[in-house]
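Colleague: generate a structure from the sequence data that follows.
(chains A and B)
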Amino acid sequence: MSRLRLSWGLTALLTGILAAAPAFADDAPPKLDSGDTAWMLASTALVLLMTIPGLALFYAGMVRKKNILATMMQSFTICCIVTIVWTVAGYSIAFTTGNAYMGDFSRILLHGIYDHMVKGNDTQAFVLASGVKDVADMATTIPETVYMMFQMTFAIITPALIAGAFADRMKFSAMCLFMALWSLLIYSPIAHWVWSPSGWASQAGILDFAGGTVVHINAGVAGLVCCLVLGKREGYGTINMAPYNLAYAVIGASLLWVGWFGFNAGSAVAANGRAGMAMTVTQIATAAAALGWMFAEWIVKGKPSVLGAASGAVAGLVAITPASGFVLPGGAIVIGVAAGVICFWSATSLKHMLGYDDSLDAFGVHGIGGMVGAILTGVFSYGPLSATDASPDGSPGGMAQVILQCEGVLSTIVYSGVGSFVLLMIVKMIVGLRVNEEEEREGLDIVLHGEQVF
Amino acid sequence: MKLIMAIIKPFKLDDVREALTPLGVQGLTVTEVKGFGRQKGQTEIYRGAEYHVSFLPKVKIEVVVGDDLADGVIEAIAKAANTGKIGDGKIFVLDVEQAMRIRTGETDAAAL
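Modeller: Numbers count the residues shown, from 1 in each chain, chains lettered A, B, ... in the order given. Predicted coordinates for the structure are as follows:
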């Protein structure tokens, strides 16, 4: 339930606190549920599968032969770097109580996460934002270790998505440094705004079930800034940059699709009806988006391409992410078709019209798809599905909610855009951003890693 | 002796082999190649990025036969590899000065 809006202005807020009060009045520790915990352990593994090997294959399949290993290495390394950054401070900044903009440092190095362990059992379920005045806390039914790990896999995939924008040309050292800083200073605070009950976006009532703003718009915008700052690939528009092995890309997209059930249905943080509906709409929207892109391309370009169908599916997964857990199947079809067609336009037309080289369409698919999903969540959100103890009516869609959603989208664009730009400048001063022209022509596999695929 | 070199469409390779065996051709060499002729390549589109691929995949067959067989082999290849559409390929014929089977040291006609 971490993704649910928890307050509704003052009245609802007070009701919420009162409603939550009896449960903890006698200081009974929040109860664990083994079914919920089992599902969240499985979801965590599914979301990790999205990055390695899902995203690694999806991206590697779209680059030229000389850059396949380097592209896979980006996903793999980001997985490792973010794991450590998250352990050291990222988790603490994102999910401890802190203030409205960031958490505090009480979980540095995961300190205290093991406080309630007795003979191998966690005796207390994790509670977010406990003990904050005027904020309804949010009790889960799983151990904090599981919650932390589940969220870690989200923290891993988000920067890995950015890598699609600067494929084929960024220095490996620059990539490592940028991603470590970005994860800590951009991802963690935004995750706090939206998903911690003490975050400002959560308190404002902005809906983001599984990461439309936090993950996709955030990564997409950072990607756009990266490709603008780094510049186009050498020979862009003149030499043949056709993908070397699209079969990889299709396998990768399929693994993303499967893993996404952990991402969206897992974001219910429980094995319940909301998780079931999140899974349902995820499947429906993804299929609708793949067909939307496929037919749009068939009509406009004359052929339904394989890469198009796979890209459409990913666009649908992205767009349903903020909405899953809030919307019904009908809304899912509309969100899916809209994402498929709009992302087809952004990846094939908008990019060429504006002239930036977003190599693998991190912005075109994740940025634009995330915006489509975030805004349409405000249209199709269904009250009873989003209802909680703290807000018994839920958040029915409507103009007011759409405006709130736009507020969330804009805040993410501004913070991620400006923040990523500043970080890139810092990295540029320290190690430089781009490999030189000759190295780029040679290919990153051999130049950066001393290896070659095949 | 003649070296007959034919550039054909890849999917016609088996047809050509089947046409040559009954003529008494004892062996041939096949190479996957790329090239262009009047067919001029094709266009590929990936997410809106169009690339003109000017070199198309073809198969090159090389077979050495005695002068008496040459005309039959040329005719058989031409017939088997023909689809009537652009891009069917070409056949070149060259004189061969000498041939040797490495294992036995046999030369010329005996080596073929």
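Colleague: C-alpha only now, for contacts and for neighbours.
Modeller: OK.
Colleague: which positions in the stretch 151-300 of chain A make contact with chain B?
Modeller: Selection of the stretch 151-300 of chain A residues close to chain B by CA under 8 Å from any CA of the partner chain yields A:240-243.
Colleague: ok, those vs chain B, which is closest?
Modeller: A:N240 (5.8 Å; CA to the nearest CA).
Colleague: what about the closest one, neighbour count?
Modeller: By other CA atoms under 10 Å in any protein chain shown, 15 other residues sit near A:N240.
Colleague: tell me the contacts of it?
Modeller: B:51-52 (CA atoms under 8 Å, 6 or more residues apart in numbering or on different chains).
Colleague: show residues contacting stretch A:264-279.
Modeller: A:1-3, A:35-37, A:39-40, A:43-44, A:140-142, A:209-210, A:261, A:282, A:321, A:324-326, A:328, A:385.
Colleague: got the buried residues for it?
Modeller: Buried residues in stretch A:264-279, counted by 16 or more other CA atoms under 10 Å in any protein chain shown: A:264-271, A:274-279.
Colleague: chain center to it: distance?
Modeller: Averaging C-alpha positions (CA atoms, centre = their mean, to the nearest Å) puts stretch A:264-279 16 Å from its chain's average.
Colleague: please apply the same query to stretch B:64-77.
Modeller: 12 Å.
Colleague: buried residues in that stretch?
Modeller: Neighbour-count burial for stretch B:64-77, counted by 16+ other CA under 10 Å, picks out B:64-65, B:70, B:73-74, B:76-77.
Colleague: again with stretch B:83-96
Modeller: Buried residues in stretch B:83-96, counting neighbours by 16+ other CA under 10 Å, are found at B:87-89, B:91, B:93.
Colleague: get me the contact residues on chain B for chain A.
Modeller: Near chain A, when you scan chain B using CA under 8 Å from any CA, you find B:46-49, B:51-52.
Colleague: which of the residues you listed count as buried?
Modeller: B:46-48, B:51.
Colleague: and which of those residues is nearest to chain A?
Modeller: For those, the nearest to chain A is B:G48 (4.2 Å; CA to the nearest CA).
Colleague: list the contacts of the nearest residue to the closest one once chain neighbours are set aside.
Modeller: Of all residues not flanking B:G48 in the chain, A:T348 sits nearest, at 4.2 Å (CA to CA, 6 or more residues apart in numbering or on different chains). When the contact criterion is CA under 8 Å, 6+ apart, the partners of A:T348 are B:47-49.
Colleague: hmm, 10 Å instead?
Modeller: Residues in contact with A:T348 (CA atoms under 10 Å, 6 or more residues apart in numbering or on different chains) are A:297, A:308, A:342, A:361, A:364, B:45-49.
Colleague: same check on A:V82?
Modeller: Per CA under 10 Å, 6+ apart, neighbours of A:V82: A:88, A:90, A:152-160, A:176, A:179-184.
Colleague: apply 8 Å and report the result again.
Modeller: Here A:V82 is in contact with A:152, A:155-156, A:179-180, A:183 (criterion: CA under 8 Å, 6+ apart).
Colleague: among the residues you listed, which two are most distant?
Modeller: A:M152 and A:M179 (14.3 Å; CA to CA).
Colleague: more crowded one of those two?
Modeller: Remark: of A:M152 and A:M179, A:M179 carries more neighbours, 28 against 23, as counted by other CA under 10 Å.
Colleague: helix/strand/coil for that one?
Modeller: helix (DSSP: H, G, I helix; E, B strand; the rest coil).
Colleague: do the same with A:Q74
Modeller: helix.
Colleague: burial count for it?
Modeller: Neighbours of A:Q74 under the rule other CA under 10 Å: 24.
Colleague: and for A:I403?
Modeller: 15.
Colleague: and the helix or strand where it lies, how far from the chain's centre?
Modeller: Assigned by DSSP states H and E, A:I403 belongs to helix A:399-430. Helix A:399-430 sits 14 Å away from the centroid of its parent chain (CA atoms, centre = their mean).
Colleague: could you pull out the buried residues of the helix or strand immediately after it in the chain?
Modeller: Toward the C-terminus, helix A:399-430 is succeeded by helix A:437-442 as the next helix or strand (DSSP H and E). Of all the residues in helix A:437-442, those buried under the rule 16+ other CA under 10 Å are A:440-441.
Colleague: right, and the helix or strand after helix A:437-442?
Modeller: According to DSSP H and E, the helix or strand after helix A:437-442 is helix A:444.
Colleague: can you tell me the average pLDDT over that next one?
Modeller: Helix A:444 shows a mean pLDDT of 97.
Colleague: from the chain's centre, how far out does that helix sit?
Modeller: Per CA atoms, centre = their mean, the centroid offset for helix A:444 relative to its chain is 27 Å.
Colleague: which other helices and strands does the top strand by length along chain B contact?
Modeller: Determined from DSSP state E, the single longest strand within chain B is strand B:56-65. Applying 3 or more CA pairs under 8 Å, 6 or more residues apart in numbering or on different chains; DSSP states H and E, one finds that strand B:56-65 contacts strand B:2-8, strand B:29-35.
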